[in-house]
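Colleague: build me a model:
(chains A and B)
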Amino acid sequence: MAYDGWQEVIPLIELLDIRKTYGSSVEAVKNISLTIQKGEIFGIIGHSGAGKSTLLRCVNLLERPTSGSVKVGDVELTRLSTNQLQKERRRIGMIFQHFNLLSMATVRDNIAFPLELAKMPKAEIKQRVDELLKLVGLEQHASKYPAQLSGGQKQRVGIARALANNPDVLLCDEATSALDPQTTNAILSLLLDINQKLGITILLITHEMHVIRSICDRVAVIDGGEIVEMGDVLDVFLKPQHSITKDFVSQIADSFDPRELINTRSGRLVKINYVGEITYEPLLFNAVKSTEVQFTILQGTVSRMKNTPYGQLVIEFIGADGEIDKVLDELRAKGLEAGDLK
Amino acid sequence: MMLKNTIDWSQVRWEDIWPATKDTLTMLGVSLFFTVIFGLLIGVVLFLTSRKQLLEQSVVYFFMSIVVNILRSVPFVILMILIMPMTKVLTGTTLGVQGTIPPLVVAAAPFFARLVETSLREVDRGVIEAAQAMGASRWDIVRRVMLLEARPGLVAGITITAVTLVSYTAMAGVIGGGGLGDLALRYGYQRFQLSVMIVTVLLLIILVQLLQMVGDHLVRRFSRK
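Modeller: Below is the predicted model:
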């Protein structure tokens, strides 16, 4: 249900037992196995130093894993010669936190760079660059130099350059971490657009839960070089298990803990979670309508996770216990999760 | 007042000064050309073989570095005399404009190589990483990324090297290299013709100023930051 862009599950990136150590003691990545499916947007979240950047660089072998194998498409990259690897890398686009553009080349020449590397004829390069400029909305800026652009525009150049050779995968290395919130959202919706319109699989790393919530289908939480939690974004977000995950979820959740209310309110405090189209139905009203039960919303979020609406409420019910139980049963019957706040 | 009495401007023979100026310019131009070629080559290899770079080769780096340091530590006048046999083989003479080109290049190339190495070190590693991620070969990275990104630094390095070469060409006069330095030494110093010395020094000053101005202008034109 979470991946509405595709039906069939085809593995595109397969990381198997990836280990990366520096020297004899520093273990940046410890035995990570991970499969990214074709067409999905997969997010890896972790604090700095958690190993996410190293892991991402293992996918295109900018970092060669100490052991383990990397497969992209049908090709096992870890077995390729330098020459073959250079060719394969053209199918894997990458964008960076600090954009990493050629400062001495214009926007046009920056985007043309990977095409020149692939030895595309000049006339075709021009045509392709024009397409890409249009795709990222930079037609007006083709002859500017990166220093003349804003951060968001630079990242658009980075994205155009990464897409130039029609890659199957786009790797995003903290692509929005150097941008302000507004620009971040614009870049995220561009990435989502690229994923949906061009069908390009996206693997991104970030330390911002906001990025995961906005565009990812699945997420892996990484800490100390290991994946501590992984699943559909909605599940991980609504029911975080690991303490690190809870940390990240709290980044975007309300910082107010409703349990502080338990002793000050006289009614029964209930936590309700719901997901999907029922978010927009008057379920609470319908459930209490035929009873004497009254309710007050003490805290709550009603929002969307990528394309899925969801809600999380803390509600105070006032009325007879038996009647409240009946209300809760009715809500559960409609597919909501309801439980007393402890 | 003193100067007026001792300087005899009639001693300045322009028919000697112009050919000497031309010699200096020829020495400068030809030696700068070869210095840039060899220096670029040595500088790129030094950079690439150094620690954590694309062709990390500590043994190669170590020996190249030592050779470069040795050449840079020998004073130019002595270097010129030391390599005379090599100069003779290469150009057939150790005198005149031809005879000064090899020592000028041998002295200036290692100097320029270090400047090349330094400006390559300034190139953002992220850009190199991005090029690698795009499937660029090492050669692509050197040619299309490093040399492009380092261009302002390289032009500044060429300017500094050119100015250094001007003073080397003047020293070359000592062993009969010709040019303005030779003139200043023979007439100005050995025959006490102060006027000739002043004119030649002024010409050298103008030359250096021009080189620096052109160099600065080019660096500004290439800078995109």
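
Colleague: show me how far the helix or strand containing B:F34 is from its chain's centre.
Modeller: Following DSSP states H and E, the helix or strand that holds B:F34 is helix B:14-49. The offset between the C-alpha centroid of helix B:14-49 and the centroid of the whole chain comes to 5 Å, using C-alpha atoms, centre = their mean, to the nearest Å.

Colleague: can it be found next to chain A?
Modeller: No: Helix B:14-49 lies apart from chain A when judged by C-beta under 8 Å from any C-beta of the partner chain; the minimum separation is 15.3 Å. Every residue, glycine included, has its C-beta placed from N, CA and C.

Colleague: next, the buried residues of that helix.
Modeller: B:17, B:20-21, B:23-28, B:30-32, B:34-36, B:38-40, B:42-49 (16 or more other C-beta atoms under 10 Å in any protein chain shown).

Colleague: center of chain B, which residue is that?
Modeller: The geometric centre of chain B, computed from its C-alpha atoms, lies nearest to B:T161 (C-alpha atoms, centre = their mean), at 3.6 Å.

Colleague: between helix B:14-49 and the helix or strand hosting that residue, find me the angle.
Modeller: Here B:T161 is covered by helix B:151-172, with elements defined by DSSP H and E. Helix B:151-172 and helix B:14-49 are oriented at 130 degrees to each other (axes from the mean of the first three to the mean of the last three C-alpha atoms, to 10 degrees).

Colleague: which residues does the next helix-or-strand element following helix B:151-172 contact?
Modeller: Per DSSP H and E, the first helix or strand lying C-terminal to helix B:151-172 is helix B:179-183. Identification of contacts with helix B:179-183 by C-beta atoms under 8 Å, 6 or more residues apart in numbering or on different chains yields B:16-17, B:20-21, B:23-24, B:27, B:97, B:100, B:169-174, B:176, B:196, B:200, B:203-204.

Colleague: using PDB, list the CA coordinates for helix B:179-183.
Modeller: The C-alpha coordinates for helix B:179-183 follow below in PDB (Å, rounded to 0.1, in the frame of the first residue of the first chain):
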ATOM      1  CA  GLY B 179      70.300  40.200 -22.500                       C
ATOM      2  CA  LEU B 180      69.700  43.100 -20.200                       C
ATOM      3  CA  GLY B 181      71.400  41.600 -17.200                       C
ATOM      4  CA  ASP B 182      74.500  41.000 -19.300                       C
ATOM      5  CA  LEU B 183      74.400  44.700 -20.400                       C
END
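
Colleague: quick check: what element follows that helix along the chain?
Modeller: Per DSSP H and E, helix B:179-183 leads on to helix B:194-222 as the next helix or strand towards the C-terminus.

Colleague: what angle sits between that following helix and helix B:14-49?
Modeller: For helix B:194-222 and helix B:14-49, the angle between their directions (the same axes, to 10 degrees) works out to 40 degrees.

Colleague: is chain A within reach of helix B:194-222?
Modeller: Yes: legend: contact between helix B:194-222 and chain A by C-beta under 8 Å from any C-beta is shown at B:F222.

Colleague: how far is that helix from where the chain is centred?
Modeller: The offset between the C-alpha centroid of helix B:194-222 and the centroid of the whole chain comes to 14 Å, using C-alpha atoms, centre = their mean.

Colleague: buried stuff in it?
Modeller: Using 16+ other C-beta under 10 Å as the test for burial, helix B:194-222 gives B:194-200, B:203-204, B:207, B:211, B:215, B:218-219.

Colleague: between these, which sits nearest A:L336?
Modeller: Proximity of the buried residues of helix B:194-222 to A:L336, judged by C-beta to C-beta, is greatest for B:V219, which lies at 67.7 Å.

Colleague: list the contacts of that closest one.
Modeller: For B:V219, the residues meeting the contact criterion (C-beta under 8 Å, 6+ apart) are B:152, B:155-156, B:159.

Colleague: ok, now with 10 Å
Modeller: Taking C-beta atoms under 10 Å, 6 or more residues apart in numbering or on different chains as the criterion, B:V219 is in contact with B:151-159.

Colleague: now those as TSV including neighbour count and pLDDT?
Modeller: Shown next, in TSV, are the contacts of B:V219 (neighbours: other C-beta atoms under 10 Å in any protein chain shown; pLDDT from 0 to 100):
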residue	neighbour count	pLDDT
B:R151	18	95
B:P152	20	95
B:G153	20	95
B:L154	24	97
B:V155	21	96
B:A156	18	96
B:G157	26	97
B:I158	22	97
B:T159	20	97
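
Colleague: picking that back up, any residue of the helix holding B:T161 touching chain A?
Modeller: Yes: applying C-beta under 10 Å from any C-beta of the partner chain, one finds that helix B:151-172 is in contact with chain A at B:151-152.

Colleague: alpha carbons of that helix, as CSV, please.
Modeller: Only the C-alpha atoms of helix B:151-172 are listed here, as CSV (Å, rounded to 0.1, in the frame of the first residue of the first chain):
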residue,chain,number,x,y,z
ARG,B,151,43.2,27.4,-13.6
PRO,B,152,43.3,30.7,-11.7
GLY,B,153,45.9,29.3,-9.4
LEU,B,154,47.9,28.0,-12.3
VAL,B,155,47.8,31.3,-14.1
ALA,B,156,49.0,33.1,-10.9
GLY,B,157,51.8,30.5,-10.6
ILE,B,158,52.9,31.1,-14.2
THR,B,159,53.0,34.9,-13.5
ILE,B,160,55.2,34.3,-10.4
THR,B,161,57.4,32.0,-12.4
ALA,B,162,57.7,34.5,-15.2
VAL,B,163,58.8,37.2,-12.8
THR,B,164,61.3,34.8,-11.2
LEU,B,165,62.6,33.9,-14.7
VAL,B,166,63.2,37.6,-15.5
SER,B,167,65.6,37.8,-12.6
TYR,B,168,67.2,34.5,-13.6
THR,B,169,67.8,35.8,-17.1
ALA,B,170,69.6,38.8,-15.6
MET,B,171,71.8,36.5,-13.6
ALA,B,172,72.5,34.5,-16.8
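
Colleague: good, we can wrap up now.
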